[in-house]
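Asks: Generate coordinates for the sequence data below:
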Amino acid sequence: MLDLEINLATLPFQARSIREASVLYVYLLTTKCKLHTGEVAKVVLHPAPVEAQVTVNAICTYSYPFKQLRACPADAQPLTFSEFLIKDIHEALLSLAALKGWDVTPLHNLYTEMVRRRYNFSGTSGRSIKNPSRQLSATMAWRTNEYIDIGVLVKSTKGASEFFFTVTSIGISLGLFESLLGNIVWVDDKTIRLFQGNKRDYWEIDTESQAVKFYFARAEIGDAHGQFDLAKMYINGWVVEQDMENARLWLQRSAAQGYTRATKLLQRISERHESLASLADPIMNSKK
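Replies: Got it, this is the predicted structure:
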């Protein structure tokens, strides 16, 4: 599968809809599009005034005029931005395919799929799993609004009712998104576990109460370092919602086992009268 990197830094705007559409395109290209590119394993696409390509060590850097997007009015609707961007990406890869002698049929199919989805990055992953009584089925799914909401789509097997349970919300980041796609397991008729890609950490969903709880394996087994790491995740809002109460709880558990970093952090808060929220690293927030 071809890996595609799209460098939009030279464009005068960075609308969210543009990022969402580009991530969707890359996701479909790398997971669904059977494009045979010979020796080229990755394309780095740059908007540029002049068309040019250089291939070194299986990486092709391709510059192409993004005419559609550059001509797009600054006050255009988000869907228009997405539409113009995808047209530019499509035209650029068609042009590169002509230079390289690639079959363009998969690219045309990909463009058709993008239009069908209305450039929206929502979908499901894996097969549906039925609960023990076979009354409900659950599927790993994601939805997009301001963020990518990752969760589970639960449907009744005897009717049309369905409900989407969000377990976490992240920014438009394909690498992080893919790392959170794991397996679904029914614990009992009402309880689902959605595992991360590491097959170790998971969210547990009670479909009746709609409660969602995150389980970080290293912390749950009593590892002091793991407890400190989970506390930092709650402080920074990394994969979980920022939650200072939970952060303090896990810091205290870690410190109680003599973990120095947790002890020092709690001392710093106490002595300097700082809040845990003030220690959050905005760069680490997974919604950024």
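Asks: Contacts only, for the spatially most central residue of the chain.
Replies: By Cα atoms, centre = their mean, the chain has its centre lying nearest to Phe177, at 2.4 Å. Applying Cβ atoms under 8 Å, 6 or more residues apart in numbering to Phe177 gives the contacts Val23, Tyr27, Trp142, Ile148, Ile150, Ile170. Backbone N, C-alpha and C define where each C-beta goes, glycine included.
Asks: and those, which are buried?
Replies: For the contacts of Phe177, a burial check counting by 16 or more other Cβ atoms under 10 Å picks out Val23, Tyr27, Trp142, Ile148, Ile150, Ile170.
Asks: Can you tell me which of these comes closest to Leu94?
Replies: Tyr27 (19.5 Å; Cβ to Cβ).
Asks: Give me the local confidence score for that closest one.
Replies: pLDDT for Tyr27: 85.
Asks: Hmm, Leu174 and it touching each other?
Replies: Yes. If you go by Cβ atoms under 8 Å, Tyr27 and Leu174 touch, sitting 6.0 Å apart.
Asks: how near is Thr30 to Pro65?
Replies: Using Cβ to Cβ, to the nearest Å, one obtains 25 Å as the distance from Thr30 to Pro65.
Asks: Quick check: longest helix in this structure by residues?
Replies: Ranked by residue count and defined by DSSP state H, the top helix of the chain is helix 78-100.
Asks: Mind splitting this protein into its structural domains?
Replies: Domain assignment for the chain, taken from automatic domain parsing, gives 3-116, 123-215, 218-284.
Asks: what mean pLDDT does the last one have?
Replies: What that stands for is domain 218-284. 94.
Asks: okay, and for the stretch 101-250 of the chain, where does confidence drop off?
Replies: Low-confidence segments of the stretch 101-250 of the chain (pLDDT under 70): none present.
Asks: any idea how far the residue nearest to the centre of the chain is from Arg118?
Replies: Going from Phe177 to Arg118 by Cβ to Cβ gives 19 Å.
Asks: what's around Leu79, how many residues?
Replies: Neighbourhood size, Leu79 [other Cβ atoms under 10 Å]: 13.
Asks: so it sits right up against Arg117, yeah?
Replies: No. Counting by Cβ under 8 Å, Leu79 sits too far from Arg117 to count as a contact (11.7 Å).
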